[in-house]
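# my questions concern the predicted model and sequence given below.
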Amino acid sequence: MRRLLFRRTRGALVLSLLLAVAGCDGGRHDDSVTIMVPWSGDEFAAFHSVVRTFEKNTGIRVNVQVTRALTQQLDAAVGAGAPPDLAILPSVGAIYTYADRDKGLKPLRRSAETFLQPFQGLTKVGDKVYALPVKVDVKSLVWFRPSVVGRPSGPAGLASFSRRHSGAWCLGLESGPTSGWPGADWIADLVLAGKGVGTYEQWLSGRRSWKDVSGAWRDWRDLVGASAEHASTRVFSAAAAGMMKQPPQCSLAHGALSAMGFRPAQVQQGQYDFLPSSGTRRLEVSADFVGKFTDGNPGADALAAYLAGSAAQQAWVDQPAGYAFSANIRVTRYRNGGVQQRIADLLRPGSGHTLCFGAADAMTPDVSAAFYRAVLTYATQDGPDPSTLLTKLDRLQSKLGDAGRSPVPTDRLCASP
């Protein structure tokens, strides 16, 4: 009897918590939540540690579905009428695609006012919150080993080093169905640095010609030089690992910390360091958002709110591996300090930076896929002239018309935190 009473009391407390977060809607009250995520390795371990705390505190079981082909799996599940309660949306474009085109995304019962810009501005479609940022990254970074490269004098020093050392870049473009994205991110970074925010926003929204950004393609090819050889078939993670070899196979890498594969202890000890990839104080960023695809399970709202809340976010970024960064305004100090804290400070108010979502994150799937393919081709062609490739991209954009333009409001893609 005492055990039964305990269960009932505990159940009442859990239900009260869920009602406080999600409100009483008269729907079903399950004791489990299903969430689809794209993470593996250290990223998944960090996420799962946070989820275990939620399960312990609420008694709600969280069933995690892990897939690297998240969009395809989610589309199939939604189409079959059996979506997960929650899913991680890996791009800002996905929020608007799933919400605007009646593809199953449901409004969340949570305010979005506790997040930094531009992450906050992209949580809403109309006046309703459809997604919450749970993990963010800074992409506009160049990584190096001080013991090999020394202490370069800013981005110009890194560029000078790369031109003096043939094959300096750890460049790999192979990444399964999204092969080409590392180069696409880098070219977008150069567009943002060289053309400014206005042109960048118009280009990635489909309202500016690809030929207008041809200079960024040429700059990329000139910068990577001999490192482009075989890059189209070199796996991205294997290329980045070349910096960790003894002796190193390459010296410089471009991208987010979570993509590099460095061992946490080595980063914390300063064996690897970074510089922003340009001196313009414009940074390309990305985010993973949590969205809801079912109604009637208050546990789904509770888990979404928890994952984006300051307590869970603090615990997440303080994990020794995974290298998560938070858009929650209350998360300001990172236990691991050093490199991770310096990157986090780039996202904070007063940093002087303008943060812009990556081009391929905002583009429609057809356009971003064509962008990736063009990057792969460009890396293998003999000359640095991208005109033919950009003409094909312009033709595709024209053929698609409105269907090829980003569903994301242009004025929300860039902002100062």
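Sure, I can see it. Numbering: from 1, shown residues only.
# enumerate every residue touching the closest residue to Arg221 other than its chain neighbours.
Closest residue in space to Arg221, ignoring its immediate chain neighbours: Pro384 at 4.5 Å, by Cβ to Cβ, 6 or more residues apart in numbering. To be clear about C-beta, it is placed using only N, CA and C from the backbone, and glycine gets the same treatment. Residues near Pro384 by Cβ atoms under 8 Å, 6 or more residues apart in numbering: 218, 221-222.
# Pro384: what secondary structure?
coil (DSSP: H, G, I helix; E, B strand; the rest coil).
# for stretch 219-230, which residues meet the burial criterion?
The neighbour-count check on stretch 219-230 (16 or more other Cβ atoms under 10 Å) flags 219-221, 223-225, 227-228 as buried.
# and of those, the nearest to Pro84?
Closest approach between the buried residues of stretch 219-230 and Pro84, by Cβ to Cβ: Trp220, at 37.6 Å.
# help me confirm that the closest one comes into contact with Ala193.
No. Trp220 is beyond contact range of Ala193, at 11.2 Å (criterion: Cβ atoms under 8 Å).
# circling back to that earlier point, wait, which of the buried residues of stretch 219-230 is closest to Gly352?
For the buried residues of stretch 219-230, the nearest to Gly352 is Asp219 (23.8 Å; Cβ to Cβ).
# doesn't that closest one fall inside a strand?
No. With three-state DSSP as the criterion, Asp219 is located in helix rather than a strand.
# what sits against it?
Contacts of Asp219 (Cβ under 8 Å, 6+ apart): 190, 194.
# give me the pLDDT value at it.
Looking at Asp219, its pLDDT stands at 96.
# same check, this time on Pro409
Looking at Pro409, the pLDDT reads 87.
# and Val33, that one's in a strand?
Yes. Checked against three-state DSSP, Val33 lies within a strand.
# so how far is Val191 from the closest residue to it other than its chain neighbours?
Excluding the flanking residues, the one nearest Val33 by Cβ to Cβ, 6+ apart is Gly299, at 4.4 Å. From Gly299 across to Val191, the span is 42 Å (Cβ to Cβ, to the nearest Å).
# please list the outside residues in contact with stretch 395-403.
206, 210, 364, 366-367, 370, 404.
# in a markdown table, list these along with secondary structure, distance to Leu70 and pLDDT.
Listed next are these as a markdown table, based on DSSP: H, G, I helix; E, B strand; the rest coil; distance: Cβ to Cβ, whole Å; pLDDT from 0 to 100:
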| residue | secondary structure | distance to Leu70 | pLDDT |
| --- | --- | --- | --- |
| Gly206 | coil | 24 | 91 |
| Trp210 | helix | 28 | 97 |
| Thr364 | coil | 17 | 88 |
| Asp366 | helix | 18 | 91 |
| Val367 | helix | 19 | 93 |
| Ala370 | helix | 21 | 96 |
| Gly404 | helix | 22 | 89 |
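# ok, of those residues, which come out buried?
By 16+ other Cβ under 10 Å, the contacts of stretch 395-403 give 206, 210, 364, 367, 370, 404 as buried.
# out of the residues you listed, who's nearest Gly172?
Distances from Gly172 to the buried ones among the contacts of stretch 395-403, taken by Cβ to Cβ, are shortest for Ala370, at 20.4 Å.
# that closest one - nearest residue in space that isn't next to it in sequence?
In space, Ala370 is closest to Leu396, 5.4 Å off (Cβ to Cβ, 6+ apart).
# count of residues packed around the one you found?
17 (other Cβ atoms under 10 Å).
# check what pLDDT it gets.
97.
# state the distance from it to Trp210.
From Leu396 to Trp210 the distance is 9 Å (Cβ to Cβ).
# do the same with Ala77
34 Å.
# mean confidence score for the lengthiest strand in the chain?
Longest strand of the chain, by residue count under DSSP state E: strand 282-292. pLDDT averaged over strand 282-292 equals 96, rounded to a whole number.
# where in this structure is pLDDT low?
1-30, 101-102, 112, 322 (pLDDT under 70).
# helices or strands up against the one helix or strand Ala188 maps to?
Using DSSP states H and E, the element containing Ala188 is helix 181-204. In terms of contacts (3 or more Cβ pairs under 8 Å, 6 or more residues apart in numbering; DSSP states H and E), helix 181-204 is packed against helix 214-224, strand 252-254, strand 282-292, strand 354-357, helix 359-362, helix 365-380, strand 414-415.
# the same query, at a cut-off of 7 Å, please.
helix 214-224, strand 282-292, strand 354-357, helix 359-362, helix 365-380 (3 or more Cβ pairs under 7 Å, 6 or more residues apart in numbering; DSSP states H and E).
# what packs against the helix or strand following the second one?
If you walk from strand 282-292 toward the C-terminus, the next helix or strand you reach (DSSP H and E) is helix 298-308. Helices and strands touching helix 298-308, as assessed by 3+ Cβ pairs under 7 Å, 6+ apart, comprise helix 2-22, strand 32-37, helix 41-58, strand 86-89, strand 132-138, strand 282-292.
# show me which residues of the helix or strand following helix 298-308 are buried.
The helix or strand immediately downstream of helix 298-308 is helix 310-317, counting by DSSP H and E. Neighbour counts over helix 310-317 (16+ other Cβ under 10 Å) mark 312-317 as buried.
# nice, that's everything, thank you.
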